[in-house]
Structure formats: structure tokens, C-alpha cells
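Undergrad: Next come a sequence and a model predicted from it.
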Amino acid sequence: MENGTVDWKLEVVVLPVSDVDRAKRFYSEQVGFVVDVDTRMGDNFRVVQMTPRGSACSVSIGQGLIDSAPGSVKGMQLVVADLAAARAELLERGVEVTPIRHVDNGTWVDGPGGAWNSFIFFNDPDGNAWTVQEKPQ
């Protein structure tokens, strides 16, 4: 604690999926997340925790974790230093990803934008939606 305040660090976000093995393959093999944990406790509970390379926050998928409908999480966001390289990596691994886009006068247009204004978008097999934003170096 510093000055009587507690640090609050986002550690894990749970994503609802319909097929744990399919989602694990997508996130680990196609998106490139590192599998930290894959644990079963009985017939009705399984947790798979994965972390994006370089991230302090992980995502968890599994069985018995969350009641939300598969694919209902929208707006998850990652940041990268090189958006073109990140997009190329995703495409190479078979992920359907949008072209690089940016906002111009309130409208999305293709092509890179200025600082903090270049994005790509992809969904997992269930439809959980991700944004990847380029962070200026």
C-alpha cells in the first residue's frame, strides 16, 4: 500500500465459450497466447488460463466458470507496438482479421491513422470480439 491506497491490478478476464478445447486451440495456436493453466476439478469444472505475450492480465475459459452466453464478450482490447506485424502474424496463423483501420471524423476508414488511432479487429470462434490497437513507441 502506498499512501493508504491499495493497488488494483486486473489479473484475469473470463470469456464464455461453447467448446473449451476449440477455444484453447484458437487462443494458443492461432492468436499466440501462452497456456498457463489447464486444470479439471471433477466432471463439471475446468479452467484454462492463457496470457497474451507481454501482458500482465490473462484470460480464462472453461466449464463451470461463468453463466454468460458464449460469444457475448465484446470490446476486449490488446495493444501492440507494431500493428502491421501483429496483423501479419494473425493472418499467418489463420485468424480472420480486418484490415488496419482508423477513425476519421467519427467514421471508420481503412488504413493507419495517427498516434493511438490504428486498429485491427477479430473474433474468437464463438464471437467474443477483440480490438488490437497500435501503441505509439
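TA: Received the coordinates, thanks.
Undergrad: Flag every buried residue along the longest helix along the chain.
TA: Ordering each helix of the chain by length in residues (DSSP state H) puts helix 83-92 first. For helix 83-92, a neighbour-count test (16 or more other CB atoms under 10 Å) marks 83, 86-87, 89-90 as buried. The C-beta positions use only the backbone N, C-alpha and C, and glycine is treated the same way.
Undergrad: Report the separation between the two terminal residues of stretch 61-79.
TA: Stretch 61-79 has its terminal residues 21 Å apart, counting by CA to CA, to the nearest Å.
Undergrad: what's the answer for stretch 44-60, then?
TA: 16 Å.
Undergrad: Run the chain-centre distance for it.
TA: 10 Å (CA atoms, centre = their mean, to the nearest Å).
Undergrad: so how far is residue 47 from residue 74?
TA: 22 Å (CB to CB, to the nearest Å).
Undergrad: In terms of neighbours, single out the busier of these two.
TA: A side-by-side neighbour count of residue 74 and residue 47, using other CB atoms under 10 Å, places residue 47 first with 18 against 11.
Undergrad: Am I right that residue 28 sits in a helix?
TA: Yes. Membership of residue 28 in a helix is supported by DSSP: H, G, I helix; E, B strand; the rest coil.
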